[in-house]
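**Student:** this one's sequence-less:
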């Protein structure tokens, strides 16, 4: 028996390592020890996960610290904004690098729970989630200029 901190894993997923392969022929580009607790995501030339960031081409660590509060679900990202459940709607602005911030009063659903698309933050209905104070409506958030 083994333990994996990451929820919703596939049998083929191994904890504690990360690898990259060339898409055209399957050649392994790099293989390294990596401690992370969410599924990785690729954003431009960086692989991000809760636990670190790595250069996509070389596997070298990049400076990145993200510690969210409790919550299930995966991290989603646009080029400049990562979204996730961090007790409430958590986000990490990659342009400011201010760390994890929270938009309180909103409890995201499970799995992919907030989607950045077209300049909006789309939050699907969370009715099927069994946790307390779930969100029973889908909604979108849009940035408003205050100038």
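**Tutor:** Thanks, I have the structure now. Worth saying up front: this structure is predicted, and the values here are computed from it rather than measured.
**Student:** tell me the spacing between the residue positioned nearest the centre of the chain and residue 110.
**Tutor:** Geometric centre of the chain, nearest residue: residue 75, 1.8 Å, by C-alpha atoms, centre = their mean. According to C-beta to C-beta, to the nearest Å, residue 75 stands 13 Å off from residue 110. (Each C-beta comes from the backbone N, C-alpha and C, glycine too.)
**Student:** repeat for residue 49
**Tutor:** 18 Å.
**Student:** now do the contacts for residue 99.
**Tutor:** Residue 99 is in contact with 65-67, 92, counting by C-beta atoms under 8 Å, 6 or more residues apart in numbering.
**Student:** okay, now the domains of this protein?
**Tutor:** 1-64, 66-147 (automatic domain parsing).
**Student:** as CSV, these with mean pLDDT would be great.
**Tutor:** Listed next are the domains of the chain as CSV, based on pLDDT from 0 to 100:
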stretch, mean pLDDT
domain 1-64, 84
domain 66-147, 85
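**Student:** okay, the ones you listed, which one's buried deepest?
**Tutor:** domain 66-147 (a mean of 15; mean count of other C-beta atoms under 10 Å).
**Student:** since that was my last question, I'll sign off now.
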